[in-house]
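Student: Build me a model:
(one chain, ligands or ions: 1)
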Amino acid sequence: MTSSDVEAIVVDDIHKSYGDLRAVDGVSFTVHHGEFFGILGPNGAGKTTALEIMEGLREPDRGSVRLLGIDPFPRKVALLPRIGVQLQASAFFDKLTAREQLETFAALYGVGPARAAEMLELVGLTDKANTREGKLSGGQRQRLSIACALVHDPDVVFLDEPTAALDPQARRNLWDVLRAIRERGKTIVYTTHYLDEAEILCDRVAIMDRGKVLAQDTPAALVRGLDAPARITLERGALTEADAAALPGADEVTADEQSLTITTRTPAPLLTALAERGSLDGLQVRTATLEDVFLHLTGREYRA
Ligand SMILES: Nc1ncnc2c1ncn2[C@@H]1O[C@H](COP(=O)(O)OP(=O)(O)OP(=O)(O)O)[C@@H](O)[C@H]1O
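Tutor: Presented below is the predicted three-dimensional model:
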């Protein structure tokens, strides 16, 4: 059995240039069945191009993709019922309500209207079933387009920046939808430029920059690999600098007018000691994030 039989997607050394621009420059990764996989990176990193090649919408200049064991390009009719694609600029039918949109997509796939109702429920749009698509908010429209991508019950779902341009509340609502899809056992591949979001949602991520994958792993493993210290911040009056420096595991202590920050590689005993002293006023603990991983990999601050 080859890896393309046991993996949902195998991407092997794909390249794509637009003129002189190497949009995707030797990208390889695998996506396991049932996994929530994130392709991350700043604008222009090559995420959409890589995703479109995986979906079979774009031909790579070289390299190969196996999607459910099949080369997706040129478009394979056998794959269509098994994959769901939500595009960045989603195309709805004119003047139809949310329910009618979904029922139309369902009919195109030979699926009954009950499934359309189920998808409206999944994405939390049941109360908007009779609202025309043009009257939905940005977040509601994103959720409807995800429901359309899912209506035929595909095994693999591709979502291109589904949470872009949403307000924080709409983003969080959509996270619940994405988690619900994952709980149904779907394989999800999604792109985002929000590293904090990917850290919460994804089983594994590939971090892209300038057409290349710089790192891929679980978010926790990537952050752990940095071996970065934790920073524990307290209110200035919580304890003196000398007392802070004497705490178990304190590597460095800095203070300004408002706060005192202790850097440590062993936060557990230090926090225990602080709790025993009753010195937890204003406590904040900051550990490394995927943004720190990006900084470490590129030498640049992350700018979405
Ligand atoms: N059809 C095209 N023709 C020419 N250049 C393109 C085309 N599509 C993308 N590019 C360029 O290729 C690079 C990668 O674009 P891509 O859309 O894949 O990146 P991305 O990481 O998805 O970015 P974004 O988050 O902005 O969508 C960018 O510099 C972009 O301007």
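Student: Low-confidence stretches in this protein?
Tutor: 1-5, 87-90 (pLDDT under 70).
Student: Residues of it that sit close to the ligand?
Tutor: Proximity of the chain to the ligand is confined to 18, 21, 23, 41, 43-49, 193 under the rule Cβ under 6 Å from any ligand atom. For every residue, glycine as well, the C-beta is placed using N, CA and C.
Student: By neighbour count, which of those residues wins?
Tutor: residue 41 (28 neighbours; other Cβ atoms under 10 Å).
Student: so that residue touches residue 194, yeah?
Tutor: No: when contacts are counted by Cβ atoms under 8 Å, residue 41 is not listed as touching residue 194 (10.9 Å).
Student: Just the element for the nearest residue to residue 13 once chain neighbours are set aside, please.
Tutor: Excluding the flanking residues, the one nearest residue 13 by Cβ to Cβ, 6 or more residues apart in numbering is residue 63, at 4.2 Å. Per DSSP states H and E, residue 63 falls inside strand 62-67.
Student: With residue 10 instead?
Tutor: Going by DSSP H and E, residue 10 is part of strand 9-18.
Student: Enumerate every residue touching the residue nearest to residue 13.
Tutor: 11-15, 26-28 (Cβ atoms under 8 Å, 6 or more residues apart in numbering).
Student: for these, which one is nearest the ligand?
Tutor: residue 27 (10.7 Å; Cβ to the nearest ligand atom).
Student: OK, contacts around the closest one?
Tutor: Contacts for residue 27 (Cβ under 8 Å, 6+ apart) come out as 11, 13-15, 46, 50, 63, 206, 208, 211-213.
Student: gap between the spatially most central residue of the chain and the ligand?
Tutor: The residue lying closest to the centre of the chain (Cα atoms, centre = their mean) is residue 198, at 3.7 Å. Using Cβ to the nearest ligand atom, to the nearest Å, one obtains 13 Å as the distance from residue 198 to the ligand.
Student: who's in contact with the residue nearest to that residue when sequence neighbours are not counted?
Tutor: Residue nearest to residue 198 in three dimensions, not counting chain neighbours: residue 38, with 4.2 Å by Cβ to Cβ, 6+ apart. Shown in contact with residue 38 (Cβ under 8 Å, 6+ apart): 189-192, 198, 201-202, 204-206.
Student: List just the nearest of these to the ligand.
Tutor: So of the contacts of residue 38, ranked by how close each gets to the ligand (Cβ to the nearest ligand atom), first place is residue 191, at 6.1 Å.
Student: Compute the inter-axis angle for the helix or strand where the closest one lies and strand 62-67.
Tutor: Here residue 191 sits within strand 187-192, counting by DSSP H and E. Strand 187-192 runs at 130 degrees relative to strand 62-67, counting by axes from the mean of the first three to the mean of the last three Cα atoms, to 10 degrees.
Student: Show me what strand 187-192 is packed against.
Tutor: Counting contacts by 3 or more Cβ pairs under 8 Å, 6 or more residues apart in numbering; DSSP states H and E, strand 187-192 packs against strand 36-40, helix 47-55, strand 156-160, helix 168-183.
Student: circling back to that earlier point, would you list the contacts of residue 63 in TSV and tack on distance to residue 158?
Tutor: Converted to TSV, these look like this (distance: Cβ to Cβ, whole Å):
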residue	distance to residue 158
11	13
12	18
13	20
14	15
15	20
26	21
27	15
28	18
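Student: Narrow those residues to just the buried residues.
Tutor: 11-12, 14-15, 27 (16 or more other Cβ atoms under 10 Å).
Student: From what I see, residue 265 and residue 252 are in contact.
Tutor: No: in this structure, residue 265 is not within contact of residue 252 by Cβ under 8 Å, at 10.5 Å.
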